[in-house]
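Chemist: Just the structure for this:
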Amino acid sequence: MRKIDTKPNWRPTFGVAACLAMVGASGGLAQSMEEMDDEVFELSPFEVSAGEEQGYRATSSLLGGRTSTGMKDIANSVDVITKDLMEDLAITDVQDMAAIANNVEPAEVGFANGNGEEREAWNFNYLTIRGFKVGTATRNFMNLETSVEAYNAQSVDFSKGPNAVLFGLGDPGGSYNYSTKVPFFTDENKVSYKIGSEGGQRATADINKVLIEDKLALRVNALSQDWEYFHKPGYTVSDALHASLRWKPTEKTTLTLSHEYNNVDRAYPRKVFSADQYSTFLDAGSPEVVDFYIAEDDPRNPNGISQGNAILLAGSDTAVDRRDYDLRIIGTAYIVSDRESATRSRWLLAERATENGLSVDNPQNLIDAGYPLNYQPAGTNTLSDTRFNVTEFNLQQKLTEDLYLDFSYGKAEQQKLSTHSVNTALRIEPEAGEHFGEYYTATSRPMQLRRYWDIEDYRLSLSYDFDFGERSDIFGTHRLAAMVEENEKNEVWDQWRMVTTGTPDGPITTSNFAASSLRPLFKEYFDPSAGEYYSSDWRDSYWDKETMNIDGYTFEWTKTDGWANKNQTYKLDTKLYVLQSRFWNDRIVTSIGYRDESREEWLAQAVTGDRSNPYTIVVPEFGYVEGTPAGDISFRNAALPEQSTGFNSGISRNHGVVFHATDWISFSYSKANSIGLPSESEDIYGELLGATDGVTDEYGVRFNLWEDRLNISLNAYETVAQQTRQFSAFIQDLKAIETILYSNPDVTGSTEDLLEGGGSHSRSDEVAEGVELIVNGRFGNGWTFRLSGRQNETIINEAGTDMLDYFAGRRSVYANPDYANLTTESGSTTLGSYLNTADYEAAKIVALQGNQNFPSSEYRMNGVVKYSFQGDSALKGASVGSSFSWASAPIIGYFEDADGNFDVSRAAKGEERTTVDFFATYGRPINDKVDWRVQFNVKNVFDDDDPYVIEKRSIGTDPSTFEWQDYKWRPTDGLTWSLTNSFIF
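Modeler: This is a model prediction of the structure:
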């Protein structure tokens, strides 16, 4: 049995950084970070200094008006994850940051999508703000389609609610921006090396070298990591280098040029339990089947059992009924075993486990079978590999005493490989032979999606300060900022699936190479007793798009799906105006933002081609560009239309006021609306959904106590929004039903409409209401802490109605009793089973109308506290701290009556969730030039790794006697630790 491991090797990228470090060390005694932060340089209003951060608290941000504004003067809610917070908690990416930011959550997929994965394969930037999904991160306020990485991130700013002064995102819940590290005019170098309990390692370097005093500085940040996760298999392998040069030719001019390359190979931990298709086999006594699909007139079938149910067990010469052993006979398929042997035959598998008539994947069955809960049999085949290069240029010019200019340019080129191939069901082999009794996974039509971005962004900003305060405090001081920006992006989706194109008898001839009968079925066997718990890594096959020739069968990567192939160019033009005013000796601070944006697009979609040719199943609607090599069917060569295919425009506004009643208490109010860009998501008919929009009203009170050492911010908000919401579980059921209908030629009423281009998104009218609290404290006796909490309810007033209408119109066809037991030729799940789950998913969508999405906790709280030892004791230089996260019990189910409707007044509650982490650091000088720092982090100190229930279903239709059935679980991370050694010189 061939097992391969194609995970990339450790790839060091420290040659340049090491040389710079040695140069830096040759200088005089390096200043500490604290000393560096004390240096004073005149800053442009378009930048914020890292030295303005106070521990876990940022004192200023650009989110208030695209110019530097004190946090106390920003009316809308802003949460900044500072460098100190990232370092203390060993945070490396935006998903970790989302876990600590207030009213922000990682991309956990809940009830609506149902598959339980926490890290998106398609977009690592996905997270939730105020209950709304957000998927775009800006880099230095430019949309360059990059992701946050701590090695070169100075800070990450989360803006809550729509914000007209930011890039044209339009996410009603909010948005976030990360600022990259830039050179400063002090020599400072830091190298770090981290190891983890799961076998990972991560090395970073941050080298800052002054080349000409107060004139020219170079900063290089480098990363090399091979990081392992608690859930197996899962890893992130990265090598990255970010070099930036800052030049001040005059006191009034600053130029910064930077370039980053970043290569990331990710295998996401698939935090979802496998579908249980093994325990029924074990409960049946592990029957060994030597033959099946035995004809009724076969002498071995004296009882005349129907051919589709007749099996022959080892040691017997008389056929028995497969249903007595919870087995199922599946139609003919092209079956590949361990990518070593291939055949075309029927196959046999164990039935899905059930409890109270429901298909339930109880993790206790995994425990009983001796299978580790933190291993996913599907392996690493949900991959997300990224290669990007980013070049940025910035010019800051002081034109007069009160007039500043800022010009920024960014160019990004990126390639991303995303895959989602292996069915997560864990199965066991009932057929006699070398694999009998072995666990395996099986998947048909492995799929990969390659996306390419080529982006250029130009931005010109002006800021002018004018002061009428000399005449009267009533007129105040003001800052007017104006910005024009052009962002042009070319985006290509290039999707591939594996199709059977040849047999030992020669090339296949067919009228439809997209037919389900040509989907190869790949089985991967593994033996847990030998330490094999999951299928092998397909990364090389994905990247190479290699054709497989096995036992005379040919399997090729080709294009089959219209929805995932396109070539699209956008041109976004933005004009932004912001007026910030201060009245009455700065007691009243107002801000007005106005953003006017328009987007034009040129789209070449996929259309159905000649399906009798495996290379022309789908083709670009405008053909390929001239000079495309023969046989190259990539949509990178798809011709774009001469005329634009779409134009959208909108105006967004921000209004805010902060009233500093005294030196220690302030009140704020803001109102903002945002008209976002049209969605790239498709509805059930394959049409792109329109623009999102949202309106937020927000009231706040802030306290600055004990000489600004304790800061409290309390905000109440309401957001009314129209956006997109995904219902993938429901659409997967509908597509499965349509696939079965279409693949059975005797069925009447089949349609390809949903299969051709149907998406899983729908319009959704939603209202979010809540309260947010952030408390930051920093005291001279060594204590630093941050506490945040929120109460949030996101009410869905209308969602998925187009899907419900489609389902209602087609259900009479689906419910035909003659179709109930139909499957695809190589499939195992019946149409009737899919219809049952589709009915349930439809009832959940109906229940959403006017209610809160579930599972979602109404209350959440996060906290971090650190104590740094003071004085001249032996512990000087040491710090200890802890962080915690708590979430209230969410609603995870509703009572279902006899008609299939949910009674939202009878809800099932999940469990409260609490996690506690710990960190400790110790630092001391090694000599007069080098400081050493060691940090120990422990996550989930109490090792609470028990699975928890995320969905329940009611059993029984009598509201007085029904019982709750646990229906879905989510795995959790156990205790992990990391140890980091750093040297500062």
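
Chemist: show me the residues around W964 that make contact.
Modeler: If you count contacts by CB atoms under 8 Å, 6 or more residues apart in numbering, W964 has them with G893, A908, K952, R953, S954, I955. Quick note: C-beta positions are derived from backbone N, CA and C, even for glycine.

Chemist: Burial check on the second one, number of neighbours?
Modeler: Per other CB atoms under 10 Å, the neighbour tally for A908 reads 22.

Chemist: re earlier: possible to save the contacts of W964 as a markdown table with secondary structure?
Modeler: Converted to a markdown table, these look like this (DSSP: H, G, I helix; E, B strand; the rest coil):
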| residue | secondary structure |
| --- | --- |
| G893 | strand |
| A908 | strand |
| K952 | strand |
| R953 | strand |
| S954 | strand |
| I955 | strand |
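
Chemist: Among these, which one is most surrounded by other residues?
Modeler: Neighbour counts for these peak at G893, which has 27 neighbours (criterion: other CB under 10 Å).

Chemist: give me the beta-bridge partners of that residue?
Modeler: Bridge pairing for G893 (DSSP bridges) gives the partners A908.

Chemist: W964 versus that one, what's the distance?
Modeler: Relative to W964, G893 is positioned 7 Å away (CB to CB, to the nearest Å).

Chemist: Touching, F46 and L62? I think so.
Modeler: Yes - between F46 and L62 there is a contact at 7.4 Å, judged by CB atoms under 8 Å.

Chemist: what sits in contact with each of these two?
Modeler: The contact sets of F46 and L62 overlap at S68 (CB under 8 Å, 6+ apart).

Chemist: Now name the helix or strand holding M803.
Modeler: Using DSSP states H and E, M803 sits in helix 801-814.

Chemist: other SSEs contacting that helix?
Modeler: Helices and strands touching helix 801-814, by 3 or more CB pairs under 8 Å, 6 or more residues apart in numbering; DSSP states H and E, are helix 728-743, strand 761-778, helix 831-848.

Chemist: what's the angle between it and helix 831-848?
Modeler: Per axes from the mean of the first three to the mean of the last three CA atoms, to 10 degrees, the angle that helix 801-814 makes with helix 831-848 is 150 degrees.

Chemist: Helix 801-814: how far from the chain's middle?
Modeler: Its chain's C-alpha centre and that of helix 801-814 lie 30 Å apart, by CA atoms, centre = their mean, to the nearest Å.

Chemist: Looking at the helices and strands packed on helix 801-814, which is nearest to A58?
Modeler: strand 761-778 (9.1 Å; CB to CB).

Chemist: Could you list the paired strands of the helix or strand just after that closest one along with their orientation?
Modeler: Downstream of strand 761-778, the first helix or strand assigned by DSSP H and E is strand 783-799. Here strand 783-799 has these sheet partners by DSSP bridges: strand 761-778 (antiparallel), strand 851-852 (antiparallel), strand 859-868 (antiparallel).

Chemist: before we move on, back to that, need the residues touching each of G893 and W964.
Modeler: Contacts common to G893 and W964, judged by CB under 8 Å, 6+ apart, are A908, K952, R953, S954.

Chemist: okay, the residues you listed in a markdown table with distance to F281 and pLDDT next?
Modeler: What follows is those, written out as a markdown table (distance: CB to CB, whole Å; pLDDT from 0 to 100):
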| residue | distance to F281 | pLDDT |
| --- | --- | --- |
| A908 | 31 | 93 |
| K952 | 27 | 93 |
| R953 | 25 | 94 |
| S954 | 29 | 95 |
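
Chemist: Return the member of these nearest to T503.
Modeler: Once CB to CB is applied, the member of these that ends up nearest T503 is R953, at 44.3 Å.

Chemist: There's contact between the closest one and E963 in this structure, I believe.
Modeler: No - here R953 lies out of contact with E963, judged by CB under 8 Å, at a distance of 10.0 Å.

Chemist: ranges for the strands of the stretch 451-600 of the chain?
Modeler: Ranges of strands in the stretch 451-600 of the chain, per DSSP state E, counting those that start in this stretch, are 477-503, 506-507, 520-526, 548-550, 553-558, 566-583, 588-608.
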